[in-house]
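**Student:** give me a 3D structure for the following:
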Amino acid sequence: MKRLTIKDIAKYLNVSISTVSKALNDSYEISETTKERIRKFAKENNYRPNITAVNLKNKKTKTIGILIPNMLNYFLAQVFKGIETIASKNGYKIISCISNESYEKELEAVKMLSNGSIDGLILSLAEETLRKRNFLHFQDAIDNGIPIVMFDRVAQNIECDKVITNDFEGTVTTVKHLYKTGHKNIAFISTISDLKVGERRYLGYIKGLEDLNIPLNKNIVVNIFEEDYKKYETILAPIFEKNPIDSVITTDESSAIAAMKVATKMGYNIPRDFSVISFSNGILARHSSPKMTTVSQHGEIMGATAARMLINKLERKVKHIETKVIKTDLVVRESTRSIKY
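**Tutor:** The predicted structure is shown next:
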């Protein structure tokens, strides 16, 4: 069956195409009587607007680009889910790209998405980009009319909307929780020490110790590269053996699992003798043995927040640039002792 068009309505009612278009868009230029006649005919004949044509006319694709650095990260998967849910509810499609932590791949993706494929972009920066500190491709996209929302890993000197977590405060709270449960020799293990988010967590660790008058022991601050995940246990074992450690805070779940394995091999009982807390409330934490206490970053909420910010910008509901902070929560499971009052 042939789809009814504005041209068909105009021909049947003996009015101009412009009159039909204005009537359907509730223009003040058209009388209420004419509007009602056109709308009634359109409804009775199941008229539906051609969304593609409308978008082309308005130079809008109703499509949002998503650029994430890692497809295997549970937190990023949750962010993606939050973005997709809000985008779908608001009639937006999504195009997703993965940088695999590569600056060049990120650069190519931004250029490709900015060629008219999308209306706006939501992204988290690649590790290599953060190390290079080269963010010109984002500024170019913004200058060409593509609004950007950055989440989690962000470029501070790029003026765009951002969504981050309270990593600093979250780590302070985590240190104090361990202290309340009887721990004083709290180690800190980071696989992202060269990233701003890793720096914020480390500074939160230091602040937490200072608030409790616990001296910083740099011998139990461990910085390892994420790509060395196969060597985590080998790296941690001698540090655990040489130092009195009763608990650890880690920036990711893989190093937390390695810490639990090393502690168990040394004869510690978790959580009676040794406690472990990890950032990111993912699948590994829920299925580890014992189940792991985590700092939840609420990835789905972060994604939903980023999507709302971008859509509000695209639909001219908000003009100013802002940074929103998602509050972390401590999800207590079996890898830490219970607080006794």
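
**Student:** helix or strand with the lowest mean pLDDT in this structure?
**Tutor:** helix 51-57 (a mean of 52; mean pLDDT, DSSP states H and E).

**Student:** so which elements touch the helix or strand that that helix is followed by?
**Tutor:** Following helix 51-57 in sequence order, the next helix or strand is strand 63-68 (DSSP states H and E). Under the contact criterion of 3 or more CB pairs under 8 Å, 6 or more residues apart in numbering; DSSP states H and E, strand 63-68 touches helix 74-89, strand 93-98, helix 103-113, strand 120-123, helix 299-314. The way it works is simple: take the backbone N, C-alpha and C, and place the C-beta from them, glycine included.

**Student:** out of those, deepest packed?
**Tutor:** Of all the helices and strands packed on strand 63-68, strand 120-123 has the most neighbours on average by mean count of other CB atoms under 10 Å, namely a mean of 26.

**Student:** just give me how far that one sits from the chain centre.
**Tutor:** 11 Å (CA atoms, centre = their mean, to the nearest Å).

**Student:** give the other helices and strands that that strand contacts.
**Tutor:** strand 63-68, helix 103-113, strand 148-151, helix 299-314.

**Student:** list of residues touching the helix or strand just after the longest one?
**Tutor:** Once helix 299-314 ends, the next helix or strand along the chain (criterion: DSSP H and E) is strand 323-326. Surrounding strand 323-326, the residues in contact under the criterion CB atoms under 8 Å, 6 or more residues apart in numbering are 161, 162, 163, 164, 165, 166, 297, 298, 301, 302, 305, 309.

**Student:** residue boundaries of the strands in the stretch 201-341 of the chain?
**Tutor:** 221-223, 247-250, 275-279, 293-296, 323-326, 329-331 (DSSP state E, counting those that start in this stretch).

**Student:** of all those strands, which one comes closest to residue 14?
**Tutor:** strand 323-326 (53.2 Å; CB to CB).

**Student:** quick check: mean pLDDT of the closest one?
**Tutor:** On average, the pLDDT along strand 323-326 is 96.

**Student:** now the closest residue to residue 268 other than its chain neighbours: phi and psi?
**Tutor:** Leaving aside its sequence neighbours, residue 268 sits nearest to residue 274 (CB to CB, 6 or more residues apart in numbering; 4.0 Å). Here is the backbone geometry of residue 274 (degrees, to the nearest 10): phi -150, psi 130.

**Student:** tell me who's in contact with residue 274.
**Tutor:** Residue 274 touches 245, 246, 247, 263, 268, counting by CB under 8 Å, 6+ apart.
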